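[1] Predicted model and sequence below, questions to follow.
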Amino acid sequence: MSALLLQKDSVSIQRANHFSLQSSRARRQRNLRDEDDEDDDYTQPSTSGTQREPKRIRQEDSSYNELDSQLTAEQTSQDLERKVNDTVRYALACEHRKQVIRKDDITRKVLTDRSRSFPAIFDKTQAKLRHIFGMELTELVTKEKSNPAKRAAANGKVQLSKTYVLRNILPEEQNDPQIIHHTNDEYQSTGLLYVILSLIFVNEQSMNDELLMSHLNRLRIQEESETFGDRARMLDGFVKQGYLQRQKLNADVTQGDQPVFQYSWGPRAKAEVPEQNMVGLISSVRKSTIVESCPNEHIVTCYIQ
Amino acid sequence: MNGQEQHPHEMAEYNGTHRLFMQSMLSHRILKESQAEVIYEKICDMLNVEKADFGDLVAVINKEISDVDLALRRTVDEYDSSAIIALVNTRGDEVAQLATTYSANEIGFFKRVLELIVTADDEAFSLSSMAAIREGPKLKPALSQRETEELLNKLVADKWLMRRRDGYYVLHMRSIIELQNYLKETFENEIHECLMCMEIVTVGERCSQGRCEVRLHSHCAAGYFPEQDNGSEIKCPTCGTTWARDSTIGTIRQ
């Protein structure tokens, strides 16, 4: 927020750049000093992470040429380290908005001139995310091809999508409401999302929009409800966040002029929600037990039987 | 690490308790320190790890997260003098920019509200609900009254603004901590730092001498001035004017 505020007016942009120019010199000085800047209240924006700045730094640094030749190797590793830290921040920021993280965006927005080092930076980013936050980037599975021929060509192989979500890898019991804060809105929409996911799940992993809407109507979640507001907008939100996937069915299944859409689990739901949890949730409602001997991939059919 | 004299023991390794406490701070952003300590205790119980000194916990985490330009900052709440802890960004850049869940128009509104709060007459550092709601329709594109109210509620829920019991909007401590650079730069004349603790002060006491810039948090003033029972006069530490404890800023005016 503070950065956006700063960049909104031109006066502040100039100030921000002014800081940037100063800060590479300041950093040199800081390196010389002891690590006693720990309790500095005022931390200037660092130079890393923005696209315009590296050029400026190089110009300014030209006066340090003799030093630079000795420092090149060290700087390269410092530079990589900084890109790792920027990628960590980028991942956190995207996850905060529940936005899917694209490899392309990481290379274009964060790595810029270092995009060829993606694999090394990515590994270090993962290590850092796991260590500090107990989270990791999980690559999403691509959409299944709606075209049967293409699906056959893919030969059942899992296609990776070069898109990621940041997933919590701490044991589930640690996600305790007394420790982790969620807003009421989050609880409400997550509750509804789980209901939708389980409806789709027991309907053999897909459900057309007509059926889904009739289920929702029965739950009193009409087109406009007090708790969830505009229903279509909310579903769009789930699709955008990758929890639901919405596909247009082939023309021959359309009803009149209305295209029929089909909902299935989105890639984020597949990455974040273990099927076992879903079965647990559903069976807790039905008060039935899960067939233990049932092989995982047939769990749906076992359950329905 | 400096200050080794005060902490002769080795700093603890970053472990599962730190990780979970970080996740907790990511979800809360700002907490009363008393709440944070309860959470930390709960975490230690859950993970069966011996509880460390809270200050050590914060130090261990800060050592680890400074690389990614985050920090846990402990300070005092201006409004009730309680100890608080916040997770803050120590860098403003376009990566951090994404962390916001607000549209450009909404940010524009928030900036306007900040301006009206900070520049309020007589250092009131507050804005009436009516006046805040009137700002929405002035935007381009305009926000309806209902949208403006919803946005204000969201800003309160996200702890950028606080709605005082008299219905006035004031800065939440999160804004004071996280937006301090923006506030200091944008409102050079209006934003003062407390002479004692050097943090921004929007609620506290001021020197009665109109041109004197000395401002103090109430809790800082309470620590600085001796108890008044001996009847001796207290003076501004800078200009020597008699200090009136009831010359306040940012408090509810009758």
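    Arrived safely, thanks for sending.

[2] what sits up against the strand of greatest length in chain A?
    Ordering each strand of chain A by length in residues (DSSP state E) puts strand A:160-168 first. Contact partners of strand A:160-168, identified using Cβ atoms under 8 Å, 6 or more residues apart in numbering or on different chains, comprise A:91-92, A:94-95, A:100-104, A:129, A:134-142, A:175, A:242, A:267-268, A:271-272, B:23. Heads up, the C-betas are built off the backbone N, CA and C, glycines and all.

[3] List the buried residues of that strand.
    Neighbour counts over strand A:160-168 (16 or more other Cβ atoms under 10 Å in any protein chain shown) mark A:161, A:163-166, A:168 as buried.

[4] ok, of those residues, which one's closest to A:A120?
    When these are ranked by distance to A:A120 (Cβ to Cβ), A:Y164 comes first, at 16.7 Å.

[5] beta partners for that closest one?
    A:I101, A:E139 (DSSP bridges).

[6] Which secondary structure element is home to A:I196?
    In this assignment (DSSP states H and E), A:I196 forms part of helix A:184-202.

[7] So which elements touch that helix?
    For helix A:184-202, the elements it packs on are helix A:209-218, helix A:231-241, strand A:244-248, strand A:261-265, helix A:275-286, helix A:299-304, judged by 3 or more Cβ pairs under 8 Å, 6 or more residues apart in numbering or on different chains; DSSP states H and E.

[8] I would like the residues contacting that helix, please.
    Here helix A:184-202 makes contact (Cβ under 8 Å, 6+ apart) with A:182, A:206-207, A:212, A:215-216, A:219, A:221, A:227-228, A:234, A:237-238, A:243-244, A:263-265, A:269, A:273, A:275, A:278, A:281-282, A:300, A:303-304.

[9] same question, stretch B:203-216
    Contacts for stretch B:203-216 (Cβ under 8 Å, 6+ apart): B:78-79, B:123, B:125, B:170, B:192-196, B:201, B:217-218, B:220-221, B:224, B:236-239, B:241-245, B:247-251.

[10] what packs against the longest helix seen in chain A?
    The helix that spans the most residues within chain A, counting by DSSP state H, is helix A:65-96. Counting contacts by 3+ Cβ pairs under 8 Å, 6+ apart, helix A:65-96 packs against strand A:101-102, helix A:118-128, strand A:160-168, helix B:94-97.

[11] Hey, what's the angle from that helix to strand A:160-168? Just curious.
    80 degrees (axes from the mean of the first three to the mean of the last three Cα atoms, to 10 degrees).

[12] Backbone dihedrals for B:L72, please?
    According to degrees, to the nearest 10, the main-chain angles of B:L72 amount to phi -90, psi 120.

[13] how close does it get to B:E33?
    11 Å (Cβ to Cβ, to the nearest Å).

[14] what's the answer for A:M135, then?
    On the measure of Cβ to Cβ, A:M135 and B:E33 end up 25 Å apart.

[15] of the two, who's got more company?
    The neighbour comparison of A:M135 against B:E33 (other Cβ atoms under 10 Å in any protein chain shown) goes to A:M135, with 25 against 17.

[16] Tell me which of the helices and strands packed on helix A:65-96 lies nearest to A:R82.
    Closest among those, once you apply Cβ to Cβ, is helix A:118-128, at 10.0 Å.

[17] buried ones in the closest one?
    Neighbour-count burial for helix A:118-128 flags A:118, A:121-122, A:124-126, A:128 (criterion: 16+ other Cβ under 10 Å).

[18] Return the member of the residues you listed nearest to chain B.
    For the buried residues of helix A:118-128, the residue nearest chain B by Cβ to the nearest Cβ is A:K128; the value is 7.4 Å.

[19] who's in contact with B:A36?
    Counting by Cβ under 8 Å, 6+ apart, B:A36 touches B:25, B:54, B:85.

[20] you'd agree it is in a strand?
    No: read with DSSP: H, G, I helix; E, B strand; the rest coil, B:A36 is helix and lies in no strand.

[21] Filtering the buried residues of helix A:118-128 by proximity to chain B, which remain?
    Among those, the residues that sit close to chain B (Cβ under 8 Å from any Cβ of the partner chain) are A:K128.
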